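Enquirer: compute the structure for the input listed below.
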Amino acid sequence: MSFWIWLDSGLSTPPTRKNLRERLSLWWGRRLALRHNHVQIDPTARISAESRINPRHGAIRIGAHTSIAPHAILQGNITLGDHCSVQAFSMLVGYGTPENPTGQIQIGNHVRIAPHVMMIAGNHVFDDVDRPITEQGVRHDPITIEDDVWIAGRVTLTAGVTIGRGSVIAAGAVVTRDIPPWSVAAGVPARVLRQRKAEPATS
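Expert: Numbers count the residues shown, from 1 in each chain. Sure thing, here's the model as predicted:
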């Protein structure tokens, strides 16, 4: 059993600093993340001590009032906006460097990411059949999520996709192409089922 469960009240999301135990848990979560270079966390963000945050060769920025749950993993080049949440066991992996963010994961404001969501902004190269795949490198392709998006549980976003503002991605979907703003999308591969917002009338 984890030590931190005694301090954070066993919540599936980071606590809200109600008491000394919860404040200590959040302080330690922040310190663990900030021990790495190129990590910026707004003072109002809540970081679980059991999350895994490491920018590798990139940079990570976590905006105001954003929460990172226990067992969530953020690695590489990632920007999270304000009022976002990343729930338990979700994994976000970005690539590139701060100067060359070729595989950055960029997430807007008010985005909800449910448990077990997977986003990896790169794919192994496997064009040469005479060389092991592990020797052919990784091709980077950024992932962008615009403002006010809900990514439901067990969704997979493949490298290079953009989720438009106001969209909802249903549980279990695999998104392999861009989703227009205000869409509700589901399935494998994901397809748009309907629009949340009517198109403006044309004269």
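Enquirer: for the helix or strand hosting residue 119, packing partners?
Expert: Secondary structure assignment for residue 119, by DSSP states H and E: strand 118-120. Packed against strand 118-120, as judged by 3 or more C-beta pairs under 8 Å, 6 or more residues apart in numbering; DSSP states H and E, are the following elements: strand 91-93, strand 156-157. Every residue, glycine included, has its C-beta placed from N, CA and C.
Enquirer: please pull up the helix or strand immediately following that strand.
Expert: Tracing the chain C-terminally past strand 118-120 and defining elements by DSSP H and E, one meets strand 122-124 next.
Enquirer: what lines up beside the helix or strand just after that following strand in the sheet?
Expert: Tracing the chain C-terminally past strand 122-124 and defining elements by DSSP H and E, one meets strand 138-140 next. Each strand that strand 138-140 pairs with, and the sense of that pairing, follows from DSSP bridges: strand 122-124 (antiparallel).
Enquirer: how about the helices in the chain?
Expert: In the chain, the segments counted as helices under DSSP state H are 20-34.
Enquirer: among the helices and strands packed on strand 118-120, which is the most enclosed?
Expert: The highest mean neighbour count among those belongs to strand 156-157 (a mean of 23), with neighbours defined as mean count of other C-beta atoms under 10 Å.
Enquirer: center of this protein - which residue?
Expert: In the chain, the centroid-proximal residue (C-alpha atoms, centre = their mean) is residue 92; its distance is 4.7 Å.
Enquirer: my guess is it contacts residue 77, does it?
Expert: No: the pair residue 92 / residue 77 is not scored as a contact, 10.0 Å apart, by C-beta atoms under 8 Å.
Enquirer: give me the common contacts of the two.
Expert: Common neighbours of residue 92 and residue 77 (criterion: C-beta atoms under 8 Å, 6 or more residues apart in numbering): residue 105.
Enquirer: for residue 186, find the nearest of the helices and strands packed on strand 118-120.
Expert: When those are compared by C-beta to C-beta, strand 156-157 sits nearest residue 186, at 12.7 Å.
Enquirer: direction included, what does the closest one pair against?
Expert: Sheet neighbours of strand 156-157, with direction, are listed as strand 118-120 (parallel), strand 174-175 (parallel) (DSSP bridges).
Enquirer: can I get those strands in TSV with distance to residue 151, mean pLDDT and mean neighbour count?
Expert: Formatted as TSV, the strands paired with strand 156-157 follow (distance: least, C-beta to C-beta, whole Å; pLDDT from 0 to 100; neighbours: other C-beta atoms under 10 Å):
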stretch	distance to residue 151	mean pLDDT	mean neighbour count
strand 118-120	9	98	21
strand 174-175	9	98	20
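Enquirer: can you lay out the ones you listed as JSON lines showing distance to residue 103?
Expert: Listed next are those as JSON lines, based on distance: least, C-beta to C-beta, whole Å:
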{"stretch": "strand 118-120", "distance to residue 103": "9"}
{"stretch": "strand 174-175", "distance to residue 103": "16"}
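Enquirer: to residue 152, which of those strands lies closest?
Expert: Using C-beta to C-beta as the measure, strand 174-175 is the one of those that comes nearest residue 152, at 11.4 Å.
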